[in-house]
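Engineer: When you get a sec, could you give me coordinates for this:
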Amino acid sequence: MLAFIGRLFAWWDGAALGALWTIRRDGKLVGEDEYGNRYYEERKAGRGAEGRPRRWVVYKGFADASRVPSDWHGWMHHTFDQPPTVEPLPRRPWEIDHKPNLTGTLHAYRPTGSLAGERKRQATSADYEAWTPEG
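Structural biologist: Below is the predicted model:
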């Protein structure tokens, strides 16, 4: 029962029931990314902005937009007409794999000397030296 109530009102963990109802009624599944997020597109074009079909993502777990890879992000915002399942983006040799934003998690980057870090920072030549009078 608690899961049903959470699904009724909570959008931050998956999708709310209203959104799921709209997607079930008007959308078709286009694909899924490596994080388990599912992507949908409106069956009939013309109801979205500028007559384009609306597109949705249903996150697996916590709703965090940084977990949408760049190729799916481009498709969601109508930069690309074809989804990555049909026409994947060409990868450049210098590109690295997508990683979601880990700020606020245990896996966040904590450089040496940060308040959240465990170690002291290294000394530098710009460190403050207290003035002492001569004499």
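Engineer: show me where this protein has strands.
Structural biologist: Taking DSSP state E to define them, one finds strands in the chain at 27-32, 38-42, 55-58.
Engineer: Now do the helices in this protein.
Structural biologist: Along the chain, counting by DSSP state H, helices occupy 2-9, 17-26, 70-76.
Engineer: Select, out of the strands of the chain, the one closest to Pro84.
Structural biologist: strand 27-32 (6.8 Å; C-beta to C-beta). To be clear about C-beta, it is placed using only N, CA and C from the backbone, and glycine gets the same treatment.
Engineer: Give me the residues contacting that closest one.
Structural biologist: With C-beta atoms under 8 Å, 6 or more residues apart in numbering as the contact definition, strand 27-32 has outside contacts at 38-43, 54-56, 72, 75, 83-85.
Engineer: 7 Å - rerun?
Structural biologist: Strand 27-32 is contacted from outside by 38-43, 56, 83-85, using C-beta atoms under 7 Å, 6 or more residues apart in numbering.
Engineer: Among those residues, give me the pair with the biggest separation.
Structural biologist: Most distant of the contacts of strand 27-32, by C-beta to C-beta, are Arg43 and Pro84, 19.8 Å apart.
Engineer: So if I had to pick from those two, which one is more boxed in?
Structural biologist: Set Arg43 next to Pro84 and count neighbours by other C-beta atoms under 10 Å: Pro84 wins out with 18 against 11.
Engineer: on that earlier part again, let's have the strands of the chain in TSV, adding distance to Gly18 and mean pLDDT.
Structural biologist: Shown next, in TSV, are the strands of the chain (distance: least, C-beta to C-beta, whole Å; pLDDT from 0 to 100):
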stretch	distance to Gly18	mean pLDDT
strand 27-32	13	90
strand 38-42	14	91
strand 55-58	12	89
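Engineer: out of those strands, nearest to Ser114?
Structural biologist: Among the strands of the chain, the nearest to Ser114 by C-beta to C-beta is strand 55-58 (32.4 Å).
Engineer: Test my guess that Leu89 contacts His73.
Structural biologist: No - taking C-beta atoms under 7 Å as the definition, Leu89 is not a contact partner of His73, at 10.6 Å.
Engineer: now the strands of the chain in CSV, with mean neighbour count?
Structural biologist: Converted to CSV, the strands of the chain look like this (neighbours: other C-beta atoms under 10 Å):
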stretch, mean neighbour count
strand 27-32, 15
strand 38-42, 20
strand 55-58, 19
